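# requesting a structural model of the entry that follows:
(one chain, ligands or ions: 2)
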Amino acid sequence: MSGKIPKIVCIGKATQDVFLKDDEFDPHKEGKVMYTHLPLGAKMDIDDLEFATGGNATNVAVTFARQGLHAEYVWTLGYDPASEAVLRALDAEGVLTHNVHQDKRYQAGYSTILIATNGERTILNNAGKATNADGDNVKLDVIKTADWVYPTALMKGGVELLRKIVDMAEEYNVKVMLNPAGTELAKPNKLKGILDSVEVLCLNKEEAQMLVEGSTSEELVRHLLHYVSVAIVSDGPRGVVASDGETIIRAGMYEDVKVNDRTGAGDAFASGFLSQWIQGKTLKESIVFASANSTSVVAHIGAKPGILGKHVKLHDMPLQEKQL
Ligand SMILES: Nc1ncnc2c1ncn2[C@@H]1O[C@H](COP(=O)(O)OP(=O)(O)OP(=O)(O)O)[C@@H](O)[C@H]1O
Ligand SMILES: [Mg+2]
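Residues are numbered from 1 along each chain as shown. Ligands and ions are numbered 1, 2, ... in the order given. I've put the predicted structure just below:
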């Protein structure tokens, strides 16, 4: 990378996550689904307990910071224990947080995550209290100082706030990375109207099918390229298809690891990709790092602990690249 270090402003909800892990959370046990093991009135002892912070925008900010980029987190938070935990975690990673609007009216989300023995999870989520629909209390002016903006999980703001962010980015020549979550996906038609302003788009297959036609990831990627410069469609352990309009890559799994907790897989992939692409790495190099980052994240409990640092040694992975 030559010249100045790029800055990415990450916008969206924050949570504190408490992970509860126990052999009882076995999806195959007596053919039952997990929550039938939580009978009313029972007190259940849990073997393992772990605290972590989450919220897509906070997770991706940590990838950027660990990759040596300037990352700033912008949102509304309170003085509740969850908000304080999020701020502490981001500060410890060197993510800028001084433009977070902290006020006692707000509260971070809080999720209780029951981890099944196969790494899948059930989440009991309290969304917390954050910005109102117009996002007026989020310090969006920070976007003007950025090279890239990464909005995701905008809660009540939804597609309307996303539109506001994207318009501002366009006005100030700031590029947009979009890996939508939560309320942005609630209005697919409106979301589609925003795609023309997006540089890099990362979706899972179901999300892509909400926006464009296509039965295979490759078809979906080709259709998304009518709107964005780089399109990536992921399909869980089945891997990803990605294209920058010149070549198209189909990549499998980076490593067949034991999945301990799949929370944050999508965030690690999308942010892992951008962290390399921004530095001028090739499509292939960026996909390999994204895959390594998400594989490492699913091997750890919580969305942040597995995020890779700089100078990590990568190995080859199943991947084919061809001209588009
Ligand atoms: N079981 C797994 N083993 C290894 N890697 C995985 C696994 N699940 C996901 N990944 C990696 O994470 C990437 C993104 O996963 P996925 O397609 O499930 O995204 P997502 O549905 O957006 O996830 P999220 O629910 O976190 O938003 C995959 O392309 C893959 O590289
Ligand atoms: Mg996702």
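# gap between residue 228 and ligand 1?
The spacing between residue 228 and ligand 1, counted by Cβ to the nearest ligand atom, to the nearest Å, is 16 Å. All C-beta spots, glycine's among them, are computed from the backbone N, C-alpha and C.
# quick check: that residue touching residue 202?
No: here residue 228 lies out of contact with residue 202, judged by Cβ atoms under 8 Å, at a distance of 9.7 Å.
# of the two, who's got more company?
residue 202 (30 against 23; other Cβ atoms under 10 Å).
# re earlier: need the overlap of contacts for residue 228 and residue 202.
Counting by Cβ atoms under 8 Å, 6 or more residues apart in numbering, the common neighbours of residue 228 and residue 202 are residue 178.
# and the stretch 151-300 of the chain, which of its residues are near ligand 1?
Taking Cβ under 6 Å from any ligand atom, the part of the stretch 151-300 of the chain that reaches ligand 1 is made up of 204, 234-237, 239-240, 253, 257, 259, 262, 264-267, 269, 291, 294-295, 298.
# can I get the buried part of those as one PyMOL selection?
Buried residues within those, by 16 or more other Cβ atoms under 10 Å, are selected in PyMOL with:
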select buried, resi 204+234+239+240+253+259+262+264+265+266+267+269+291+294+295+298
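# excluding its backbone neighbours, what's nearest residue 257?
What sits nearest to residue 257 in space, not counting adjacent residues and going by Cβ to Cβ, 6 or more residues apart in numbering, is residue 299, at 4.5 Å.
# which residues touch that neighbour?
257-260, 306.
# make TSV out of these and add distance to residue 173, secondary structure and pLDDT.
Formatted as TSV, the contacts of residue 299 follow (distance: Cβ to Cβ, whole Å; DSSP: H, G, I helix; E, B strand; the rest coil; pLDDT from 0 to 100):
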residue	distance to residue 173	secondary structure	pLDDT
257	40	coil	93
258	44	coil	92
259	40	coil	90
260	41	coil	87
306	34	coil	97
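# can you add distance to residue 167 and give those residues back as JSON lines?
Shown next, in JSON lines, are the contacts of residue 299 (distance: Cβ to Cβ, whole Å):
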{"residue": "257", "distance to residue 167": "41"}
{"residue": "258", "distance to residue 167": "44"}
{"residue": "259", "distance to residue 167": "39"}
{"residue": "260", "distance to residue 167": "40"}
{"residue": "306", "distance to residue 167": "35"}
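# closest one of those residues to ligand 1?
Of all the contacts of residue 299, residue 259 has the smallest distance to ligand 1: 4.5 Å, by Cβ to the nearest ligand atom.
# the closest one contacts residue 298, correct?
Yes: applying Cβ under 8 Å, one finds residue 259 in contact with residue 298, separated by 4.8 Å.
# what sits in contact with each of the two?
Shared contacts of residue 259 and residue 298 (Cβ under 8 Å, 6+ apart): residue 119.
# surely residue 117 is in a helix?
No: applying DSSP: H, G, I helix; E, B strand; the rest coil, one finds residue 117 to be coil, outside a helix.
# check contacts around it.
23, 25-28.
# what pairs with the residue lying closest to residue 204 once chain neighbours are set aside across the strands?
Residue nearest to residue 204 in three dimensions, not counting chain neighbours: residue 234, with 5.1 Å by Cβ to Cβ, 6+ apart. Beta-bridge partners recorded for residue 234 (DSSP bridges): residue 204, residue 240.
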